[in-house]
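In: have a look at this prediction, sequence included:
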Amino acid sequence: MTAVDPSGAVPAALVLRIAIVALTLVAARRHALARRVAFLGSAVASLVTGLVAVYVLYSGSPLAGLLFAHQASGIRFTYAVDGLSAWFLLVLAVLAVPIAIFSIGYLGHSHFSRRSVFVGVAFNVLLGALEIVFAADNVFAFLFAWELFTLVTAALVATDHEQVANRRAAFLYLVMSHVATGCLIGGFLTLVAVSGGASLSFSTLLSGQVASGPLRDWLFALFFVGFGVKAGVIPLHIWLPEAHPAAPTNISALMSGVLIKAGIYGIVRVCVFGLGVPSPGWGIIVVVSGGLAAVLGVLYALMQHDLKRLLAYHSIENIGIILLGLGAGMMALAYGRSDVASVGIAAGLFHVLNHAVFKGLLFLGAGGVITATGTRHIEEFGGLLRRMPWTGLCFLVGAMAISGLPPLNGFASEWLTFQAFLFGFSGKAEPPMLLLFPVAGALLALTTALAAACFVKAFGICFLALPRTPAAAGARESAVIMLAPQAFLAALCIALGLAPGIVLRTLGGVMATLPGLQPQASLGRTAFDMTAGPPEATGLVFFDHVTPIALAGALLVALGVAAWVTRRAGVARRVPTWGCGGQLSPRTEYTATAFSKPLMMIFSAIYRPTRQVEAMAKGSPYFPHEVRYRAEIEPTFERYVYGPLARGIIRLADGMKVLQAGSLHAYLAYVIALVVSLVLVVWWRG
């Protein structure tokens, strides 16, 4: 027994959030005070849950307890923080604290000031619900918290409800989320029925011993769809690029960084380990889904000119990368390769943290830019690096991290994912692994290259060259309270990239609590290196080991040598940029559309673009004074999947209107028919 019992920290954090909500509502008339109470209090509560997670991860002792009990109904909300729960709680805390600090400054601007109380209250409720989702130990607590954070998120997406697009985004999110919730309820009810209904505890239902045979495949399908919707897995993703841009940017950062990870948590908890040893087909489905999400996510991101929508599609891409690692682990578990499975699962969980950090950083940077310019359209930016140098520097770090460039954190987890596929060839490899792993590795490599191209566009068009609009020319640097969280996340991107061994050793403790894994101590032999497997086992002496800090040192040496050579060559001349005989102006700058066009042509089979060129001439058509160019890509999933599905559902609903005839006699006939049917069913079974 310690001086302070850590098992009471989770309920204490939730009580603290309830108190913060009450105090915020009391101070609602004083917006500035209410904003500080809501978000500073939220940061404190997140620190409490973060410390709980750290305690569990480093002590190896899980925590359990009771959150709520209703004696008459027998409903009990219990929690259990084991290694996996602690990891996701830590990821939530790492991002929630800087977002809370950022929100104090961001919501202080005139556009959001009158709604800052609502956002502050909803922010705390959302975080509290997510904490319960990650810590819940029974079906009641999990589904209650799952539905609560779904409803609160929809309300936050509709914060600017005066805009039709925002209301549509919130409605689409609600529709997709409730389809997902229906799948989860069906899956859990099936597990309860098969287990005999004696217990709703996860320790019983997700022990891997409840279901068997074809029923396991049915349950996997239900849970993968239910959690996949929340994670934004293609083709279940259509809500994500609509909802993320519609929400306030601080909420977008939380949604992209952590909220969609609730879906990943469910996949890991239930689909990977909760239904017994995965079948090979499950792993294949997850790898294929991950590859499609990664490639299509980044391809669609390349065509976006709305900065937040671009970042939203990159969330789909990174969910795909996480699924590639998890899918590799599932296939390895199915074939008895626990050593390979450990590498794949570690890669996926590591990328959960890394994506939360660099995507949160990018969204906060985007929030600063949008606040300074009043627009999300990339084509209306330009020259912001001179006006917002600290925001630009932090955004550049995030852009390099998401592009998988060493020595930043995105490189560390993506390298480990590559190694999971390479390590799969060592020892005994089954034919599906020999076929699928090279394809998945190639898709991951393509995704990384396209992500780098996309962020060359995003950073270059936004921050370099000349301002394209008066709003960009008049932009000013964000306040310190908005810059400090960005600086923290940028430093974390660097630290996690330079010292991945610390994270991998922590993940070793997480994986030791998961069934079927064989955590390798060599994954993080020291704080500064990563190893995919013992060299004597893999034979990959030169490919399975990397030390990012050595790469960073080599890069610094190369830059130093380049600077020394430049100095030796003499004083650099400063001359005007060559403009092909004309004068350079914002109208002559490279645009985001022009940057993306070559890739649109290369991948035209996927994009199916439509282009419209219109030359405006006053006299001769050979001398136009203006050329208008418009290019659009085909919304494939909306047009060919969800459009026909929605029309079919509407036709079915219209056809069923005859049942609601407005006649009392008809309704009584329905009741009698139902009662007779139930009697016949009971008689038949008896």
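Out: It's in. Numbering: from 1, shown residues only.

In: helices and strands of this protein: which one has the lowest mean pLDDT?
Out: Averaged element by element with mean pLDDT, DSSP states H and E, the chain has its least confident helix or strand at helix 535-538 (a mean of 48).

In: check contacts around Met616.
Out: Met616 makes contact with 624-628, according to CB atoms under 8 Å, 6 or more residues apart in numbering. C-betas here are computed from N, CA, C, even on glycine.

In: least confident of these?
Out: Among those, His625 carries the lowest pLDDT, at 68.

In: widest-spaced pair of the contacts of Met616?
Out: The most widely separated members of these, counting by CB to CB, are His625 and Arg628 (11.3 Å).

In: from what I see, Leu333 and Val277 are in contact.
Out: Yes - taking CB atoms under 8 Å as the definition, Leu333 is a contact partner of Val277 at 5.9 Å.

In: list residues touching both of these two?
Out: A shared contact of Leu333 and Val277, defined by CB under 8 Å, 6+ apart, is any residue touching both; here these are Gly516.

In: low-confidence ranges, the stretch 551-686 of the chain, go.
Out: Under the criterion of pLDDT under 70, the regions of the stretch 551-686 of the chain flagged as low confidence span 570-572, 581, 621-623, 625, 661, 686.

In: can you pull out the helices in it?
Out: For the stretch 551-686 of the chain, the helices identified by DSSP state H, counting those that start in this stretch occupy 592-602, 604-607, 636-637, 643-655, 664-685, in order along the chain.

In: what is the longest one packed up against?
Out: If contacts are counted by 3 or more CB pairs under 8 Å, 6 or more residues apart in numbering; DSSP states H and E, helix 664-685 sits against no helix or strand.

In: so for the next helix or strand after the least confident helix or strand of the chain, mean pLDDT?
Out: Moving toward the C-terminus from helix 535-538, the next helix or strand (DSSP states H and E) is strand 545-546. If you average the pLDDT over strand 545-546, you get 77.

In: who does strand 545-546 pair with, and is each partner parallel or antiparallel?
Out: Sheet pairing for strand 545-546, assigned by DSSP bridges, gives strand 530-531 (antiparallel).

In: pLDDT on the partner strand, on average?
Out: 75.

In: please apply the same query to stretch 437-452.
Out: Here stretch 437-452 scores 93 as its mean pLDDT.

In: now stretch 136-148
Out: For stretch 136-148, the per-residue pLDDT values average out at 93.

In: break the chain into its domains for me.
Out: Taking automatic domain parsing as the domain assignment, the record places the domains of the chain at 1-137, 277-549, 636-685.

In: neighbour count for Leu333 and Val277, which is higher?
Out: Looking at Leu333 and Val277 with other CB atoms under 10 Å, you find the greater number of neighbours at Leu333, namely 27 against 16.

In: where is the longest helix in this structure?
Out: helix 338-373 (DSSP state H).

In: give me the contacts around stretch 186-199.
Out: Counting by CB under 8 Å, 6+ apart, the neighbours of stretch 186-199 from elsewhere in the structure are 139, 143, 200, 204-206, 210-211, 215, 218-219, 222-223, 226, 270.

In: show me how far that stretch is from its chain's centre.
Out: 30 Å (CA atoms, centre = their mean, to the nearest Å).

In: just the C-alphas of it, formatted as CSV.
Out: Output for stretch 186-199, consisting of C-alpha atoms alone and laid out as CSV, is shown next (Å, rounded to 0.1, in the frame of the first residue of the first chain):
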residue,chain,number,x,y,z
GLY,A,186,-24.8,-6.6,-31.8
GLY,A,187,-21.3,-8.0,-31.2
PHE,A,188,-21.4,-7.6,-27.5
LEU,A,189,-24.9,-9.0,-27.2
THR,A,190,-23.8,-12.0,-29.2
LEU,A,191,-20.9,-12.5,-26.8
VAL,A,192,-23.1,-12.2,-23.8
ALA,A,193,-25.6,-14.7,-25.2
VAL,A,194,-22.9,-17.2,-26.0
SER,A,195,-21.3,-16.9,-22.6
GLY,A,196,-24.6,-17.6,-20.9
GLY,A,197,-25.2,-14.0,-19.8
ALA,A,198,-23.6,-14.5,-16.4
SER,A,199,-21.1,-11.7,-16.7
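
In: so for it, what gets flagged as buried?
Out: 186-188, 190-192, 195 (16 or more other CB atoms under 10 Å).

In: give me the contacts around stretch 385-399.
Out: Contact partners of stretch 385-399, identified using CB under 8 Å, 6+ apart, comprise 358-359, 361-362, 364-366, 368-369, 372, 384, 408, 455, 458-459, 462-464, 467, 472-473, 475-478, 483, 486-487, 489-490, 493-494.

In: could I get the full set of strands for the protein?
Out: Assigned strands in the chain, in chain order: 63-70, 75-81, 530-531, 545-546, 610-616, 626-632 (criterion: DSSP state E).

In: need the winner for burial among those.
Out: Among the strands of the chain, the stretch with the highest mean neighbour count (mean count of other CB atoms under 10 Å) is strand 530-531, at a mean of 26.

In: circling back: closest one to Val164 out of the contacts of stretch 186-199, please.
Out: Of all the contacts of stretch 186-199, the one sitting nearest Val164 is Gly226; the distance, using CB to CB, is 29.1 Å.

In: neighbours around the closest one, how many?
Out: Neighbour count of Gly226, defined by other CB under 10 Å: 27.

In: check contacts around it.
Out: Counting by CB under 8 Å, 6+ apart, Gly226 touches 180-184, 187, 266.

In: quick check: mean pLDDT of stretch 178-187?
Out: On average, the pLDDT along stretch 178-187 is 94.

In: what do you get for stretch 261-269?
Out: In this model, stretch 261-269 carries a mean pLDDT of 95.

In: run through who's touching that stretch.
Out: Contacts of stretch 261-269 from elsewhere in the structure, counted by CB under 8 Å, 6+ apart, are 84, 88, 91, 130, 133-134, 146, 149, 184, 202, 206, 223-224, 226-233, 286, 319, 322-323, 326, 345, 348-349, 352, 356.

In: so His355 makes contact with Ile322?
Out: Yes - under the criterion of CB under 8 Å, His355 lies in contact with Ile322, with a separation of 7.2 Å.

In: what's opposite Leu63 in the beta bridge?
Out: Val81.
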